[in-house]
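**Student:** When you get a sec, could you give me coordinates for this:
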Amino acid sequence: MSDYIVRATAANAGIRAFAAVTKELVEQARCAHDTSPVATAALGRLMTGGVMMGAMLKGDKDLLTLQVSGDGPIKGMTVTADSKGNVKGYAINPQVMLPPSAAGKLDVGGAVGQGMLRIIKDMGLKEPYVGQTILQTGEIAEDLTYYFATSEQVPSGVGLGVLMEKNNTVKQAGGFIVQLMPFTEEAVIAKLEENLGKFTSVTAVLEEGNTPEEMLGMLLSGLDMEIVDTMPARFYCNCDKERVEKAVISIGQKEIKEMIAENHDIEVKCHFCNTAYNFTVEELRGLLKKSR
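**Tutor:** The predicted structure is shown next:
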């Protein structure tokens with residue numbers, strides 16, 4: 001099953017919901033960054049949340065960035081998503097290793113630690129919208145739930161999951177976001193809470209062979225769910241040599257001169273996808289001229 005996002009409404013538009021399967025994009029990120037199992041789970045959850053939140057954006061050029069900074073050994077993660085189902089991301093320390101949590105699961109909360117979640121929405125206005133909340137557990141889903149409730153005043157249920165194979169590749173990945181619109185009736189809220197209470201976990205539901213549509217069917221059972229649309233999701237980085245050139249120029253003439261003085265090629269890697277770009281001494285001289 002290729003990765004995709006499903007958008008739905010229920011309870012006469014009193015609820016909006018998203019669900020996604022993201023196994024391939026999380027595996028691509030794992031390969032690009034050579035992440036450890038716990039880092040794969042942490043980054044995979046954040047990318048899954050990000051790609052669904054990106055699908056909430058209205059404009060073609062709108063961008064969303066999620067930044068997690070914590071005092072745990074992973075140190076932090078950054079994910080960027082757009083409105084077309086594209087997402088990319090990286091962890092500062094992708095090789096972090098930790099023993100399992102008390103529940104015998106990958107200890108994402110321990111890897112992230114205590115810190116902040118920052119959401120930046122660039123919607124083509126003068127200033128981007130920035131929301132910031134304290135991390136609640138570092139497990140990502142609870143942190144996004146808290147962010148929606150406090151920063152956007154939208155009561156939400158968020159579920160995210162990444163399940164690893166014994167060979168450390170990604171076995172399952174996906175998630176859901178269910179949100180209450182203003183003035184939702186109490187009976188609808190009670191039914192939704194009942195459904196959420198019965199829901200096992202994202203990875204358990206995917207392991208049973210269920211699709212995102214079927215996941216939403218469980219979450220919105222008895223609430224007249226209607227699928228609005230589906231869209232593909234993928235790990236995609238828009239870096240190219242020209243963009244990296246601009247980044248090299250931005251570090252300043254002094255640093256570029258020092259690189260030239262060392263008289264050997266340099267390699268610059270993209271944070272988001274780890275693609276390496278090579279610059280010869282001659283190319284560095286050209287960049288030095290452009291920086292003047």
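**Student:** Can you tell me the element the residue nearest the centre of the chain falls in?
**Tutor:** In the chain, the C-alpha nearest the mean C-alpha coordinate belongs to Met47, at 1.9 Å (Cα atoms, centre = their mean). Following DSSP states H and E, one finds Met47 within helix 37-54.
**Student:** Would you mind listing the buried residues in the helix or strand following that helix?
**Tutor:** Scanning forward in sequence from helix 37-54, with DSSP H and E defining helices and strands, the next element found is strand 63-70. Judged by neighbour count using 16 or more other Cβ atoms under 10 Å, the buried positions of strand 63-70 are 63-70. In this view, the C-beta of every residue, glycine as well, is placed from N, C-alpha and C.
**Student:** swap in stretch 216-229?
**Tutor:** Of the residues in stretch 216-229, those buried by neighbour count under the rule 16+ other Cβ under 10 Å are 216-220, 223, 225.
**Student:** would you list these in JSON lines and tack on distance to Thr200, secondary structure and pLDDT?
**Tutor:** JSON lines is the format used below for those (distance: Cβ to Cβ, whole Å; DSSP: H, G, I helix; E, B strand; the rest coil; pLDDT from 0 to 100):
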{"residue": "Leu216", "distance to Thr200": "15", "secondary structure": "helix", "pLDDT": "97"}
{"residue": "Gly217", "distance to Thr200": "14", "secondary structure": "helix", "pLDDT": "96"}
{"residue": "Met218", "distance to Thr200": "9", "secondary structure": "helix", "pLDDT": "97"}
{"residue": "Leu219", "distance to Thr200": "12", "secondary structure": "helix", "pLDDT": "97"}
{"residue": "Leu220", "distance to Thr200": "16", "secondary structure": "coil", "pLDDT": "96"}
{"residue": "Leu223", "distance to Thr200": "19", "secondary structure": "coil", "pLDDT": "95"}
{"residue": "Met225", "distance to Thr200": "19", "secondary structure": "coil", "pLDDT": "96"}
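**Student:** Same list as before, the residues you listed that is, but in a markdown table and with distance to Ala17 included.
**Tutor:** Converted to a markdown table, these look like this (distance: Cβ to Cβ, whole Å):
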| residue | distance to Ala17 |
| --- | --- |
| Leu216 | 6 |
| Gly217 | 10 |
| Met218 | 11 |
| Leu219 | 7 |
| Leu220 | 6 |
| Leu223 | 9 |
| Met225 | 8 |
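**Student:** What is the most widely separated pair among those residues?
**Tutor:** Met218 and Leu223 (11.1 Å; Cβ to Cβ).
**Student:** which residues do those two both contact?
**Tutor:** By Cβ atoms under 8 Å, 6 or more residues apart in numbering, Met218 and Leu223 have these common neighbours: Asn195.
**Student:** how many other residues sit next to His93?
**Tutor:** Let me fix one detail, which is that residue 93 is Asn and not His. Residues near Asn93, counting by other Cβ atoms under 10 Å, number 15.
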